[in-house]
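K.L.:
Here you go, sequence then predicted model.
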Amino acid sequence: MGGGGGSVKDLKSKAELDGLRQSDAPVILHFWASWCEASKHMDQVFSRLATDFPNSHFLRVEAEEQPEISEEYSVSAVPYFVFFKDGKVVDKLEGADPSSLANKVAKVAGSINPGEAAAPASLGMAAGPTVLETVQDMAKENGSSQTENQVQPGLSDALKKRLQQLIDSHPVMLFMKGSPEEPKCGFSRKVVDILKEEMVKFGTFDILSDNEIREGLKKFSNWPTFPQLYCKGELLGGCDIAIAMHESGELKEVFRDHGIDNIDSGTEQGVGGITESTGLSTNLVSRLQSLINSSPVMLFMKGKPEEPKCGFSHKVVEILKQEKVDFQSFDILSDEEVRQGLKVFSNWSSYPQLYIKGELIGGSDIVLEMQKSGELQKILAEKGVTKKETLEDRLRSLVSSSPVIVFMKGIPDAPRCGFSSKVVNALREEGVTFGSFDILTDDEVRQGLKVFSNWPTFPQLYYKGELIGGCDIVLELRNNGELKATLSE
């Protein structure tokens, strides 16, 4: 039986996946993103499971870089896992849940030793302290029981207010396990050490001391793990992101740009032509603001709406279409200055980015969650963004605009064709009150109504939104004495 030999392979194409699916060995696919902390944590677990099950193929897919594969398996959030056996999809897992991942892998790939229950080394000391700590922390944060995994109710206004007050209580605020003097997890300790090395004052909150804050902040920030680091009320990220920003010097720049003083130094002033808040040139800031405000609903994406270049951008485009709103877009792949500048300006490190009336809403995960909860529709309404009226919407409104309405050539007092004249006369003879629409004044309605009603000619008579028919049917109903009764049922 073939397999991956105990290692994880980066998948390069759909053809490669299709080939591996034809083998006898089980295939486990991990969709991830380099910017997502939860993806990185789960990737460690994934790698250990690959070691435990060498006869299976463990494949990793950068979701944004492989949109064709991501779209085929409806990936809208990461981490996301797909399990194959005998070439067919047998299971899926969304989110950072190490225990469920290990159990599902064992179910698909079989026990490590025949006859033994599934107990992968990845969930024991063989994984090493770093991975073990990751698994334990993620398991605690995400919960493995059905009760903990159920969708929780929305946050109360009082809790939202309390969370915002805590976040804003210090310019640099760390939500961690334990205290700076006595951290209760390795990830929290690392971020504390980084902040000390950056020589900035910071406040902390021990999330182990208040479960309401612990669970509420996950939803409030849309970030499932701890620690969480905030600067001037904005979420920077968790441990991995803090480490990466610290090592690259970006964290120091963020603190400087947000006016965070070093413990032993005064405030740095902005240089001419550079804004103090972001460190970007004033010209670029002006351009970004102009782009953001160029449309009430503005999407910065990879590619264009008709041809998205990543699955996450495609998902947001589809959501906006479903919400029937007009929107403009900007292809960040076409302009590197905008692509990099907007990350700093918005303090949002990935794409797509959706703005409504100049305000950042978020990326793919947030937009999807807001649509599911109805919050997106609510925000659009509050911001005065009305739904785009489709031709079908307009026609449906027109045919129902009067209890009896005739779509004709001309107007009742001056018909422009003999058939329209005959229908008007028949209605008047029966004493029927009716509305009318001159299809010669609007070719969109004229052509659209033919398709909408599946009736190719005019006039067309409607009663309570339902098509009665054309000239011949109206005259036949009148001659049979049924016209008035038909239009008053």
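P.N.:
Cool, got the structure. A quick note: this is a predicted structure, and the numbers were derived from the prediction, not measured. Numbering: from 1, shown residues only.
K.L.:
How about the contacts made by the residue most central in space within the chain?
P.N.:
The C-alpha lying nearest the average C-alpha coordinate of the chain belongs to S364 (Cα atoms, centre = their mean; 2.5 Å). Listed by Cβ atoms under 8 Å, 6 or more residues apart in numbering, the contact set of S364 reads 76-77, 312-313, 315-316, 352. For the C-beta atoms, the positions are set from N, CA and C on the backbone; glycine is no exception.
K.L.:
what pLDDT does it get?
P.N.:
In this model, S364 is scored at 87, pLDDT.
K.L.:
Kindly report the same for N142.
P.N.:
At N142, pLDDT is 44.
K.L.:
With P153 instead?
P.N.:
47.
K.L.:
ok, now W32?
P.N.:
W32 is assigned a predicted lDDT (pLDDT) of 87.
K.L.:
now F205: how far from G431?
P.N.:
77 Å (Cβ to Cβ, to the nearest Å).
K.L.:
what about those two, which has more around it?
P.N.:
F205 (22 against 7; other Cβ atoms under 10 Å).
K.L.:
leaving aside the residues next to it on the chain, what's closest to that one?
P.N.:
Nearest-residue entry for F205: F175, 5.1 Å, with adjacent residues in sequence omitted and distances by Cβ to Cβ, 6 or more residues apart in numbering.
K.L.:
need the contact list for that neighbour.
P.N.:
166, 204-205, 207, 213, 217, 226-230.
K.L.:
If we use 10 Å, what do you get?
P.N.:
By Cβ atoms under 10 Å, 6 or more residues apart in numbering, F175 lies in contact with 163, 166-167, 188, 191, 203-207, 213-214, 217, 221, 223, 226-230, 235, 238.
K.L.:
now it, which residues is it bridged with?
P.N.:
Taking DSSP bridges, one finds F205, Q228 as the beta-bridge partners of F175.
K.L.:
And for the one 4 residues further on?
P.N.:
Judged by DSSP bridges, the bridge partners of S179 are E182.
K.L.:
Identify the residues contacting it.
P.N.:
Neighbours of S179 in contact, by Cβ under 10 Å, 6+ apart: 188, 192, 204-206, 208-209.
K.L.:
longest helix of this protein?
P.N.:
helix 37-52 (DSSP state H).
K.L.:
and that one, average pLDDT?
P.N.:
Summarised as a single mean, pLDDT over helix 37-52 is 85.
K.L.:
partner strands of whatever helix or strand comes next after that helix, parallel or antiparallel?
P.N.:
The first helix or strand that comes after helix 37-52 along the chain, using DSSP states H and E, is strand 57-62. In the sheet, strand 57-62 lines up against strand 8-10 (parallel), strand 27-32 (parallel) (DSSP bridges).
K.L.:
What separation is there between E68 and D443?
P.N.:
Taken as Cβ to Cβ, the span from E68 to D443 is 40 Å.
K.L.:
typo on my end, M408
P.N.:
15 Å.
K.L.:
Same question for Q340.
P.N.:
As judged by Cβ to Cβ, Q340 and D443 stand 46 Å apart.
K.L.:
quick one, which of those two is more surrounded?
P.N.:
Taking neighbours as other Cβ under 10 Å, Q340 and D443 compare with Q340 leading, 13 against 9.
K.L.:
average pLDDT across the helix or strand where the more buried one lies?
P.N.:
Secondary structure from DSSP H and E places Q340 in helix 336-346. Helix 336-346 shows a mean pLDDT of 90.
K.L.:
Could you list every helix and strand that it packs against?
P.N.:
Secondary structure elements in contact with helix 336-346, counted by 3 or more Cβ pairs under 10 Å, 6 or more residues apart in numbering; DSSP states H and E, are helix 250-257, helix 282-292, strand 297-301, strand 328-331, strand 353-356, strand 359-362.
K.L.:
Quick one: name whatever helix or strand follows the helix or strand bottoming out on mean pLDDT in the chain.
P.N.:
Taking mean pLDDT, DSSP states H and E as the measure, helix 146-149 is the helix or strand of the chain with the lowest mean score, a mean of 33. As assigned by DSSP H and E, the chain's next helix or strand after helix 146-149 is helix 157-167.
K.L.:
Mind giving me the packing neighbours of that next one?
P.N.:
Short answer (3+ Cβ pairs under 10 Å, 6+ apart): helix 157-167 packs on strand 172-176, strand 203-206, helix 211-221, strand 228-231.
K.L.:
In TSV: those, plus distance to L461 and mean pLDDT.
P.N.:
Output for those, formatted as TSV (distance: least, Cβ to Cβ, whole Å; pLDDT from 0 to 100):
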stretch	distance to L461	mean pLDDT
strand 172-176	66	93
strand 203-206	69	91
helix 211-221	54	88
strand 228-231	64	93
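K.L.:
closest to H246 out of these?
P.N.:
strand 228-231 (10.4 Å; Cβ to Cβ).
K.L.:
residues in contact with that closest one?
P.N.:
With Cβ under 10 Å, 6+ apart, strand 228-231 has contacts from 37, 166-176, 191, 194-195, 200, 202-203, 205, 207, 217-218, 220-221, 235-239, 241-242, 245, 251, 254-255, 257-260, 347.
K.L.:
start to end distance for stretch 285-301?
P.N.:
19 Å (Cα to Cα, to the nearest Å).
K.L.:
and it, how far from the chain's centre?
P.N.:
How far stretch 285-301 lies from its chain's middle: 19 Å, per Cα atoms, centre = their mean, to the nearest Å.
K.L.:
If you count neighbours, what's buried in it?
P.N.:
Neighbour counts over stretch 285-301 (16 or more other Cβ atoms under 10 Å) mark 285, 287-288, 291-292, 295-301 as buried.
K.L.:
picking that back up, got a quick PyMOL command for the buried subset of the contacts of strand 228-231?
P.N.:
This is the PyMOL syntax for the buried subset of the contacts of strand 228-231, where burial follows 16+ other Cβ under 10 Å:
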select buried, resi 37+166+167+170+171+172+173+174+175+176+191+194+195+200+202+205+207+217+218+220+221+235+236+237+238+239+241+242+245+251+254+255+257+258+260+347
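K.L.:
In the stretch 351-489 of the chain, mark out all the strands, start to finish.
P.N.:
353-356, 359-362, 404-408, 410-411, 414-415, 435-438, 460-463, 466-469 (DSSP state E, counting those that start in this stretch).
K.L.:
any chance of the ones you listed in CSV, plus mean neighbour count and distance to K9?
P.N.:
Shown next, in CSV, are these (neighbours: other Cβ atoms under 10 Å; distance: least, Cβ to Cβ, whole Å):
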stretch, mean neighbour count, distance to K9
strand 353-356, 24, 31
strand 359-362, 16, 32
strand 404-408, 22, 62
strand 410-411, 16, 71
strand 414-415, 15, 74
strand 435-438, 19, 63
strand 460-463, 24, 62
strand 466-469, 16, 60
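K.L.:
Nearest to S436 among the helices and strands packed on helix 157-167 would be which one?
P.N.:
With Cβ to Cβ, the closest approach to S436 among those belongs to helix 211-221: 54.0 Å.
K.L.:
Next, the angle helix 157-167 makes with the closest one.
P.N.:
80 degrees (axes from the mean of the first three to the mean of the last three Cα atoms, to 10 degrees).
K.L.:
With respect to S156, which of the helices and strands packed on helix 336-346 lies nearest?
P.N.:
With Cβ to Cβ as the criterion, S156 lies closest to strand 359-362 of the helices and strands packed on helix 336-346, at 21.3 Å.
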